[in-house]
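Novice: coordinates only, sequence not included:
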């Protein structure tokens, strides 16, 4: 370690001359250079007692109302549809006593494949003068549902009744009903067609 060198007399005289003419850059120069005591550490805040809340249960003050607009299930919606055909024939049809004159199996098809097939089948059956046809959709498979909106099981099963009510099929269809168990149950539909013109 090098020994500290002292100023020579001429260097010391020069230093004092410069120091006499120097002006501080800041007005607080003396206070900055002066020694300060270390700042006192503020004591950590400690509450005397945690606030107390009264006991409660989630949802205890929620207003319950019975007017939730929950859409009915597919079976209920079809059953609630107004009866357009003869009541006696409808009763026989829903009990599986009427044999369908033609059938189409859409089970396993995508919506894009099934729609044109259904249109071709229904328009062809109507042109031939058929009255009762069977449309098989399958019940659908449940898949893992990861989203916030619940997914319906059986896309075809839910879509076919809508297609049958819309043009070009709507004017040909008189009644739609779930099939009897002997014809496929909830995985198939009876479609009762209007008379050809």
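Specialist: Arrived safely, thanks for sending. Just so it is clear, the structure is predicted and the values come from calculations on it, not from any experiment.
Novice: Leaving out chain neighbours, which residue sits closest to residue 141?
Specialist: residue 153 (7.1 Å; Cβ to Cβ, 6 or more residues apart in numbering). For the C-beta atoms, the positions are set from N, CA and C on the backbone; glycine is no exception.
Novice: can you confirm residue 189 is in a strand?
Specialist: Yes - under DSSP: H, G, I helix; E, B strand; the rest coil, residue 189 falls within a strand.
Novice: OK, contacts around it?
Specialist: 134, 135, 137, 160, 161, 164, 176, 177, 178, 179 (Cβ atoms under 8 Å, 6 or more residues apart in numbering).
Novice: What about those residues, which are in strands?
Specialist: 134, 135, 176, 177, 178 (DSSP state E).
Novice: Make a markdown table from these and add pLDDT, neighbour count and distance to residue 23 to it.
Specialist: As requested, the ones in strands among the contacts of residue 189 are exported to a markdown table (pLDDT from 0 to 100; neighbours: other Cβ atoms under 10 Å; distance: Cβ to Cβ, whole Å):
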| residue | pLDDT | neighbour count | distance to residue 23 |
| --- | --- | --- | --- |
| 134 | 96 | 18 | 106 |
| 135 | 96 | 27 | 101 |
| 176 | 95 | 18 | 100 |
| 177 | 94 | 19 | 104 |
| 178 | 93 | 20 | 100 |
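Novice: how about JSON lines for the residues you listed, with distance to residue 93 added?
Specialist: Formatted as JSON lines, those follow (distance: Cβ to Cβ, whole Å):
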{"residue": "134", "distance to residue 93": "10"}
{"residue": "135", "distance to residue 93": "14"}
{"residue": "176", "distance to residue 93": "11"}
{"residue": "177", "distance to residue 93": "7"}
{"residue": "178", "distance to residue 93": "11"}
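Novice: Done for today, thanks.
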